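Chemist: what shape does this take:
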Amino acid sequence: MAVDYRHGISILELIVYIPTLFTALWMAFRHGFTRSSGWIFFVIFSLARIIGSCCYLATINDPTSIDLYVAWAVCTSIGISPLTWGCIGLLSRANDSIQRKSGHALHPLLFKVTGLVTIVGMILGIVGQTTSTNPTEGLYSSKTKAGLILYIIAWVGLCILLLLISLRYQRIEEGEHRLLLAVSISIPLLFVRILYSLLSTFTRKAEFSSISGNVSIQLCMSVLEELVIVYVCLGIGLTLTVRPAFEPFQANIQDASTLESQPDMSSMQYESGKPGARYKKRRGGPITQLVGLAMDEINYRRQK
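Modeler: Numbering: from 1, shown residues only. Down below sits the predicted model:
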């Protein structure tokens, strides 16, 4: 079997996403393997594209292998989920920045719910592709359609999160505002990518089929969009500084419990000069007060 246009796209993806995989891995190690960082999802996406491209290139020597086409179709279908999760992770980092600076961030549950919808959509897409013996039939299955609908819902949720974070723009720490720029560029491109899958699955027009359709349309509505999203997010991510691990809201609860557990210094203070007085009235923070109390205790015991 000769190398055709679609094989050329697979070669392009290998050239692009192999270095991207190592870049995303380095950033995940640098910033931390947490969901709020988002970099781990670009690692997952790069792996999916590399594996999918290798499977499709393998059909050159084995063009009748259904398993290779199914594996390629599965890797192609799951690309939307990690990209959406990556954008959610960037917004979550901006939300942590708001919490550190002002303490008025969005509740983390909003990000988790949006991400959960994306994961369920990915699972339905995988099930729809793998339960069919033919990749084309799997593309039009009811589970695949349900997964795409969930992708649209998650995309709307991502837009709402971006809007809510943007309304708190002034509360974001210095240097973290560029996260909103990365997501703002990615959201319309992600919509075009989802639209391509919707046209392919719901309209059943031959030119939009990701398996046997027009390759130029696939390149312009799917491949290039994914490439730009990954490079924009990782490119801006390379300019970010490493931030300490932070759990919104939980930190506030810990701070409040710490304050409650501190002794009330005012109850130990007294006016100096009174006979039998044990503690002196002092100004200062908790450490100064504790050192002063220790000195007063020593002096009191010497006078006894």
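
Chemist: mind listing the helices for this structure?
Modeler: 5-31, 39-58, 66-77, 80-101, 108-130, 135-139, 142-166, 178-198, 215-218, 224-237, 250-261, 286-303 (DSSP state H).

Chemist: the longest one to helix 66-77, inter-axis angle?
Modeler: To tie it back to what came earlier, the one meant is helix 5-31. If you take axes from the mean of the first three to the mean of the last three C-alpha atoms, to 10 degrees, helix 5-31 sits at 50 degrees to helix 66-77.

Chemist: show me what helix 5-31 is packed up against.
Modeler: The contact analysis (3 or more C-beta pairs under 8 Å, 6 or more residues apart in numbering; DSSP states H and E) places helix 5-31 against helix 39-58, helix 215-218, helix 224-237. C-betas here are computed from N, CA, C, even on glycine.

Chemist: distance to residue 20 for the ones you listed - can I get that in a markdown table?
Modeler: Shown next, in a markdown table, are the helices and strands packed on helix 5-31 (distance: least, C-beta to C-beta, whole Å):
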| stretch | distance to residue 20 |
| --- | --- |
| helix 39-58 | 5 |
| helix 215-218 | 19 |
| helix 224-237 | 6 |
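
Chemist: follow-up on the earlier one: lowest average pLDDT across the helices of the chain?
Modeler: Mean pLDDT is lowest for helix 250-261 among the helices of the chain, at a mean of 45.

Chemist: picking up where we left off before, pick the most deeply packed of the helices and strands packed on helix 5-31.
Modeler: helix 39-58 (a mean of 21; mean count of other C-beta atoms under 10 Å).

Chemist: which secondary structure elements does that helix contact?
Modeler: Counting by 3+ C-beta pairs under 8 Å, 6+ apart, helix 39-58 packs on helix 5-31, helix 66-77, helix 80-101, helix 224-237.

Chemist: could you dump the ones you listed into JSON lines and include distance to residue 170?
Modeler: Shown next, in JSON lines, are the helices and strands packed on helix 39-58 (distance: least, C-beta to C-beta, whole Å):
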{"stretch": "helix 5-31", "distance to residue 170": "24"}
{"stretch": "helix 66-77", "distance to residue 170": "40"}
{"stretch": "helix 80-101", "distance to residue 170": "9"}
{"stretch": "helix 224-237", "distance to residue 170": "20"}
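
Chemist: tell me the most buried of those?
Modeler: Taking mean count of other C-beta under 10 Å, helix 80-101 is the most buried of the helices and strands packed on helix 39-58, at a mean of 25.

Chemist: convert the C-alpha atoms of it to PDB, please.
Modeler: As requested, C-alpha coordinates have been extracted for helix 80-101 and formatted as PDB (Å, rounded to 0.1, in the frame of the first residue of the first chain):
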ATOM      1  CA  ILE A  80     -10.900  16.500  22.600                       C
ATOM      2  CA  SER A  81     -11.000  15.400  26.300                       C
ATOM      3  CA  PRO A  82      -7.300  16.000  27.300                       C
ATOM      4  CA  LEU A  83      -7.300  19.300  25.400                       C
ATOM      5  CA  THR A  84     -10.400  20.400  27.300                       C
ATOM      6  CA  TRP A  85      -9.000  19.200  30.600                       C
ATOM      7  CA  GLY A  86      -5.700  21.000  29.800                       C
ATOM      8  CA  CYS A  87      -7.600  24.300  29.400                       C
ATOM      9  CA  ILE A  88      -9.500  23.600  32.600                       C
ATOM     10  CA  GLY A  89      -6.200  23.000  34.400                       C
ATOM     11  CA  LEU A  90      -4.900  26.400  33.200                       C
ATOM     12  CA  LEU A  91      -8.000  28.200  34.500                       C
ATOM     13  CA  SER A  92      -7.800  26.300  37.800                       C
ATOM     14  CA  ARG A  93      -4.200  27.600  38.200                       C
ATOM     15  CA  ALA A  94      -5.500  31.100  37.600                       C
ATOM     16  CA  ASN A  95      -8.200  30.500  40.200                       C
ATOM     17  CA  ASP A  96      -5.600  29.400  42.700                       C
ATOM     18  CA  SER A  97      -3.700  32.600  42.000                       C
ATOM     19  CA  ILE A  98      -6.900  34.600  42.800                       C
ATOM     20  CA  GLN A  99      -7.300  32.700  46.100                       C
ATOM     21  CA  ARG A 100      -3.700  33.400  47.100                       C
ATOM     22  CA  LYS A 101      -4.000  37.100  46.400                       C
END
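
Chemist: so how far is it off the chain centroid?
Modeler: 5 Å (C-alpha atoms, centre = their mean, to the nearest Å).

Chemist: and the residue nearest to the spatial centre of the chain, how close does it get to residue 99?
Modeler: By C-alpha atoms, centre = their mean, the chain has its centre lying nearest to residue 89, at 2.1 Å. Using C-beta to C-beta, to the nearest Å, we find residue 89 at a distance of 15 Å from residue 99.
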